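K.L.:
3D model of this:
(one chain, ligands or ions: 1)
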Amino acid sequence: MKDKIIHLVRSNIKDLQPYESARRIGGNGKIWLNANESPIPSSFTTNITLFNRYPECQPKNLISSYADYVGLLNDQVLVTRGADEGIELLIKAFCNPGEDAIIYCPPTYDMYAINARIANVKIKEIPTFRNTWQINLEKIESNLNKVKLIYICNPNNPTGNIILKKDIINLLKITLECALVVIDEAYIEFSPKNSMIDFLQQYPNLIILRTLSKAFSLAGIRCGFTLANKEIINILHKVISPYPISTIVADIAVQSLNKNSIKNMQDRVLKINSNRNWLVNELSNISLVEKVFYSNANYILVKFHMFEKIFQHLWTNGIILRNQNHKIYLNKCLRISIGSYSECVRLIKEIKILSNR
Ligand SMILES: *Cc1c(COP(=O)(O)O)cnc(C)c1O
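P.N.:
Numbering: from 1, shown residues only. Presented below is the predicted three-dimensional model:
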């Protein structure tokens with residue numbers, strides 16, 4: 001009987017590998033450096049006490065707070081349940097199942113392909129160049145047939161590099177009338193000058209994803225934003241669920257966007273960037289380290305001799321990293337989220353212990 005029910009599942013879901021979220025992978029950690037969360041919490045309280053009414057679908061004060069923060073108009077902003085929901089809504093709104101395709105450029109964030117697979121939308125995988133991790137424009141251009149969305153992560157997760165602005169602009173030009181270019185700026189606060197926000201005016205096919213989960217230190221509330229011209233935002237209004245943002249989430253998100261909280265966010269970014277530079281410097285003096293890749297975000301990608309041994313040793317000592325060895329070009333690589341200074345010190349101490357054995 002149970003077997004019969006299982007047969008009802010859609011064929012593209014049956015063999016789907018779900019996203020391996022940091023929380024799903026588990027581990028008995030004291031030091032969590034595997035989900036690119038902020039190691040420095042920001043503390044908020046709410047005065048809201050009554051919850052009998054549904055929230056607004058798009059809470060007006062939250063929309064205008066974020067619009068102010070990024071210097072856009074209210075009608076260019078959609079608030080979602082994390083940036084992940086933005087990735088999904090775009091596919092829902094623009095891709096015909098079984099017919100249209102997305103392009104994504106590994107090694108990068110996995111959720112673009114996973115959402116496409118769930119929606120039964122084709123995936124064209126166009127890897128970046130091996131050493132620079134820049135996008136392969138020529139290959140993208142020759143593969144645009146049936147493509148509606150092109151996902152680019154900038155700074156790229158897990159490699160930490162910035163995608164060249166001139167390449168993104170060329171991509172926007174090439175695709176102007178045929179596809180949407182989605183720039184995932186989940187980590188842009190760590191490298192704000194590289195944002196594509198100023199180009200929204202000029203390119204109607206540009207879409208930007210943002211989140212409060214990383215620099216804003218609010219991964220727990222699940223709040224993200226899609227930024228685009230109002231025609232695109234209006235289409236997304238058609239497919240978003242009726243009440244995606246809870247009353248409490250909206251209240252805390254608005255507080256996180258006031259002047260003082262933004263200043264605190266920027267201070268945290270400075271601190272984390274300085275911890276990152278310290279960590280990079282320490283790692284490059286350890287013989288087990290083959291290469292530390294330059295990063296513009298709150299994580300670094302590191303290639304190790306004996307990466308498995310290092311990953312396991314740290315894991316058993318309560319320091320949880322993210323293994324990237326299975327990804328294209330990333331053999332022997334681990335991704336390390338930048339922790340607090342004392343967490344960085346602990347990490348280096350443990351790696352040195354192994355190095356000296
Ligand atoms: C963390 C992350 C997200 C997801 O952000 P949420 O707002 O927490 O859903 C999106 N894109 C990239 C590249 C990320 O690393």
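K.L.:
burial count for Glu85?
P.N.:
23 (other C-beta atoms under 10 Å). For glycine as for every other residue, the C-beta is placed from the backbone atoms N, C-alpha and C.
K.L.:
mind listing the strands in the stretch 251-357 of the chain by residue range?
P.N.:
289-292, 299-304, 319-320, 322-323, 333-337 (DSSP state E, counting those that start in this stretch).
K.L.:
turn those into CSV, columns for mean neighbour count.
P.N.:
Below are the strands of the stretch 251-357 of the chain laid out as CSV (neighbours: other C-beta atoms under 10 Å):
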stretch, mean neighbour count
strand 289-292, 16
strand 299-304, 24
strand 319-320, 23
strand 322-323, 20
strand 333-337, 24
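K.L.:
which stretch among those strands comes nearest the ligand?
P.N.:
strand 299-304 (8.7 Å; C-beta to the nearest ligand atom).
K.L.:
and the average pLDDT for stretch 234-254 is what?
P.N.:
Stretch 234-254 carries an average pLDDT of 98.
K.L.:
now do the same end-to-end measure for it.
P.N.:
One end of stretch 234-254 sits 22 Å from the other (C-alpha to C-alpha, to the nearest Å).
K.L.:
next, the buried residues of it.
P.N.:
Of all the residues in stretch 234-254, those buried under the rule 16 or more other C-beta atoms under 10 Å are Leu236, Ile240, Pro244, Ile245, Ser246, Thr247, Val249, Ala250, Asp251, Ile252, Ala253, Val254.
K.L.:
could you list the residues in contact with it?
P.N.:
If you take C-beta atoms under 8 Å, 6 or more residues apart in numbering as the criterion, stretch 234-254 is touched by 44, 46, 48, 51, 53-59, 61-62, 65-66, 75, 78-81, 85, 89-90, 92-94, 212, 218, 221-223, 226, 228.
K.L.:
and the pLDDT for His7?
P.N.:
86.
K.L.:
re the thing from before, contacting the ligand as well, which ones from the buried residues of stretch 234-254?
P.N.:
Counting by C-beta under 6 Å from any ligand atom, nothing from the buried residues of stretch 234-254 sits close to the ligand.
K.L.:
before we move on, the earlier item: please tabulate the strands of the stretch 251-357 of the chain in JSON lines, including the columns mean pLDDT and distance to Leu270.
P.N.:
Listed next are the strands of the stretch 251-357 of the chain as JSON lines, based on pLDDT from 0 to 100; distance: least, C-beta to C-beta, whole Å:
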{"stretch": "strand 289-292", "mean pLDDT": "97", "distance to Leu270": "21"}
{"stretch": "strand 299-304", "mean pLDDT": "98", "distance to Leu270": "16"}
{"stretch": "strand 319-320", "mean pLDDT": "95", "distance to Leu270": "24"}
{"stretch": "strand 322-323", "mean pLDDT": "96", "distance to Leu270": "24"}
{"stretch": "strand 333-337", "mean pLDDT": "98", "distance to Leu270": "17"}
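K.L.:
now the ones you listed as CSV including distance to Tyr109?
P.N.:
As requested, the strands of the stretch 251-357 of the chain are exported to CSV (distance: least, C-beta to C-beta, whole Å):
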stretch, distance to Tyr109
strand 289-292, 21
strand 299-304, 12
strand 319-320, 19
strand 322-323, 12
strand 333-337, 11
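K.L.:
ok, which stretches of the stretch 51-200 of the chain are helices?
P.N.:
Taking DSSP state H, counting those that start in this stretch, the helices of the stretch 51-200 of the chain run over residues 60-70, 82-94, 111-118, 137-141, 165-174.
K.L.:
let's have the ones you listed in JSON lines, adding distance to Ile126.
P.N.:
Formatted as JSON lines, the helices of the stretch 51-200 of the chain follow (distance: least, C-beta to C-beta, whole Å):
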{"stretch": "helix 60-70", "distance to Ile126": "29"}
{"stretch": "helix 82-94", "distance to Ile126": "17"}
{"stretch": "helix 111-118", "distance to Ile126": "12"}
{"stretch": "helix 137-141", "distance to Ile126": "5"}
{"stretch": "helix 165-174", "distance to Ile126": "11"}
